[in-house]
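1. okay, predicted coordinates and the sequence, questions at the end:
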Amino acid sequence: QVQLVESGGGLVQAGGSLRLSCAASERCYAVGWFRQGPGKEREFVAAISWSGSSTYYADSVKGRFTISRDNAKNTVYLQMNSLKPEDTAVYYCAAASKLWIVAANYRVYTNYDYWGQGTQVTVSS
């Protein structure tokens, strides 16, 4: 059973930055970040492949967020810049136990096998 622990959330003003970390108990295949705002469905934010050579982003965060991974530390990062109030949500890290070929798989939260407990990000206007 892979354990995932997120950290780095907090309160920030609009336009500010935060970096989220997802530390895994072992190396994972695909790792994704999802978020769930108040009264909203869980939505895809970003994902990264096993090697780190492929990254995927939701249109709403493209150009502002960057996902990366340090496989030596079994850690995935989400650098969030130019934050907006609509980015306010609980952010979850998720990992897959299988290697995916199809890019679309990364965006579907039900495809992931392991989840962290979530970290709150609040962006004030």
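-> Received the coordinates, thanks.
2. ranges for the strands of this structure?
-> Along the chain, counting by DSSP state E, strands occupy 4-7, 10-13, 18-24, 31-36, 43-48, 55-57, 65-70, 75-80, 89-95, 114-115, 119-124.
3. residue 106: which of the ones you listed is closest?
-> Of all the strands of the chain, it is strand 43-48 that lies closest to residue 106, at 3.8 Å by CB to CB. Any C-beta I mention is one placed from the backbone N, CA and C, and that applies to glycine too.
4. ok, and what's touching that closest one?
-> Residues outside strand 43-48 that contact it (CB atoms under 8 Å, 6 or more residues apart in numbering): 30-36, 54-58, 61, 65-69, 76, 78, 91, 106-109.
5. rerun at 6 Å
-> Defining contact as CB atoms under 6 Å, 6 or more residues apart in numbering, one finds that strand 43-48 is touched by 30-35, 55-58, 61, 65, 67, 69, 106-107.
6. just stretch 75-92 next, same as before
-> Applying CB under 6 Å, 6+ apart, the set of residues contacting stretch 75-92 from outside is 12, 14, 16-23, 31, 33-37, 64-69, 115-116, 118-123, 125.
7. pLDDT of it, averaged?
-> For stretch 75-92, mean pLDDT is 98.
8. residue 72: neighbour count?
-> Residue 72 sits with 7 neighbouring residues when counted by other CB atoms under 10 Å.
9. distance of it relative to residue 102?
-> The gap separating residue 72 from residue 102 is 28 Å, by CB to CB, to the nearest Å.
10. contact partners for residue 63?
-> Neighbours of residue 63 in contact, by CB under 6 Å, 6+ apart: none.
11. need phi/psi at it.
-> phi 90, psi -10 (degrees, to the nearest 10).
12. ditto for residue 102
-> phi -80, psi 120.
13. re the thing from before, mean neighbour count added to the strands of the chain, as JSON lines?
-> Formatted as JSON lines, the strands of the chain follow (neighbours: other CB atoms under 10 Å):
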{"stretch": "strand 4-7", "mean neighbour count": "18"}
{"stretch": "strand 10-13", "mean neighbour count": "13"}
{"stretch": "strand 18-24", "mean neighbour count": "20"}
{"stretch": "strand 31-36", "mean neighbour count": "24"}
{"stretch": "strand 43-48", "mean neighbour count": "22"}
{"stretch": "strand 55-57", "mean neighbour count": "17"}
{"stretch": "strand 65-70", "mean neighbour count": "18"}
{"stretch": "strand 75-80", "mean neighbour count": "22"}
{"stretch": "strand 89-95", "mean neighbour count": "23"}
{"stretch": "strand 114-115", "mean neighbour count": "16"}
{"stretch": "strand 119-124", "mean neighbour count": "17"}
